[in-house]
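**Student:** fold the following for me, if possible:
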Amino acid sequence: FANRFIITSREGNLLMIDARRAHQRILFEQYLIEGKGETKESSQKLLFPEPIDIPKADIMLLVEASEVLAAYGLEIEERLEGGVEIISVPAGLAGKLNDCIDSVLEALRDGTWADEEGRREKLAAVWAKAASMPKSKKMTEEEMSAIIGGLFSCESPAIDPWGQSVLTVFDAGAIDDILG
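**Tutor:** Got it, this is the predicted structure:
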């Protein structure tokens with residue numbers, strides 16, 4: 001519906017699902033699992049290392065965190081001539097290097113980096129947002145089915161990584177109230 005919502009029924013209720021938020025929730029939980037090292041395919045190695053030019057202070061932040069970032073799929077190396085280059089990125093983010101680096105720097109600066117759980121959740125959330133489908137993507141029936149199935153296999157399907165509602169449930173009484 002409107003290239004944004006999926007309307008479906010489940011357990012006798014009518015559900016309206018925000019497809020992009022649902023996709024973010026699914027990716028968020030996948031990135032959380034990958035950050036724990038429970039899967040082996042958490043990154044995509046780039047064919048050619050991608051140099052990035054960022055301020056020296058940001059380079060230092062990335063280099064200091066490089067070992068931890070590698071566990072989450074982002075491998076960087078410091079270049080001799082200054083700067084850093086990206087060797088691999090988390091799965092699904094190969095075409096979004098700038099978003100990936102910006103989100104990592106945001107996590108390094110905002111205080112959530114100090115504790116391991118906060119770090120995992122922040123990186124998973126920002127990477128899920130960067131990798132998720134566009135807000136108005138027209139989905140096929142197969143894609144909608146995959147989103148529904150993936151969402152309901154999540155630990156917390158009702159909220160996205162940012163705490164926003166992913167779905168609304170209408171039971172028969174609520175529909176009766178709306179339609180009279």
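**Student:** quick one, what contacts the closest residue to Phe5 other than its chain neighbours?
**Tutor:** Counting by Cβ to Cβ, 6 or more residues apart in numbering, the nearest residue to Phe5 once its immediate chain neighbours are dropped is Met16, at 5.4 Å. (C-beta placed from N, C-alpha, C; glycine too.) Contact partners of Met16, counting by Cβ atoms under 8 Å, 6 or more residues apart in numbering, are Phe1, Phe5, Ile6, Ile7, Leu167, Thr168, Phe170.
**Student:** out of these, which end up buried?
**Tutor:** Neighbour counting over the contacts of Met16 (16 or more other Cβ atoms under 10 Å) leaves Phe5, Ile6, Leu167, Phe170 as the buried ones.
**Student:** and Ser153, backbone torsions?
**Tutor:** Note on Ser153: its backbone torsions stand at phi -100, psi 0 [degrees, to the nearest 10].
**Student:** do you know how far it is from Ser165?
**Tutor:** From Ser153 over to Ser165 the distance is 19 Å, taken as Cβ to Cβ, to the nearest Å.
**Student:** same deal with Gly118?
**Tutor:** When distance is defined by Cβ to Cβ, Gly118 is 23 Å away from Ser165.
**Student:** so those two - more neighbours on which side?
**Tutor:** Summary of the neighbour comparison: Gly118 and Ser165, criterion other Cβ atoms under 10 Å, with Gly118 having more neighbours (14 against 11).
**Student:** is it true that Ser43 touches Gly73?
**Tutor:** Yes - counting by Cβ atoms under 8 Å, Ser43 sits close enough to Gly73 to count as a contact (3.5 Å).
**Student:** of the two, who's got more company?
**Tutor:** Looking at Ser43 and Gly73 with other Cβ under 10 Å, you find the greater number of neighbours at Gly73, namely 23 against 20.
**Student:** which strand or helix spans that one?
**Tutor:** Here Gly73, judged by DSSP states H and E, is contained in no helix and no strand.
**Student:** next one: it from Glu117, what distance?
**Tutor:** 18 Å.
**Student:** before we move on, back to that, list the buried ones in the helix or strand encompassing the residue nearest to Phe5?
**Tutor:** Assigning secondary structure by DSSP H and E places Met16 in strand 13-18. Using 16+ other Cβ under 10 Å as the test for burial, strand 13-18 gives Leu15, Ile17, Asp18.
**Student:** strands - which of the buried ones among the contacts of Met16 land there?
**Tutor:** With strands identified by DSSP state E, the entries of the buried ones among the contacts of Met16 that belong to them are Phe5, Ile6, Leu167, Phe170.
**Student:** want to try CSV for the residues you listed, with pLDDT and distance to Ile54 as columns?
**Tutor:** What follows is these, written out as CSV (pLDDT from 0 to 100; distance: Cβ to Cβ, whole Å):
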residue, pLDDT, distance to Ile54
Phe5, 94, 38
Ile6, 95, 38
Leu167, 97, 38
Phe170, 93, 47
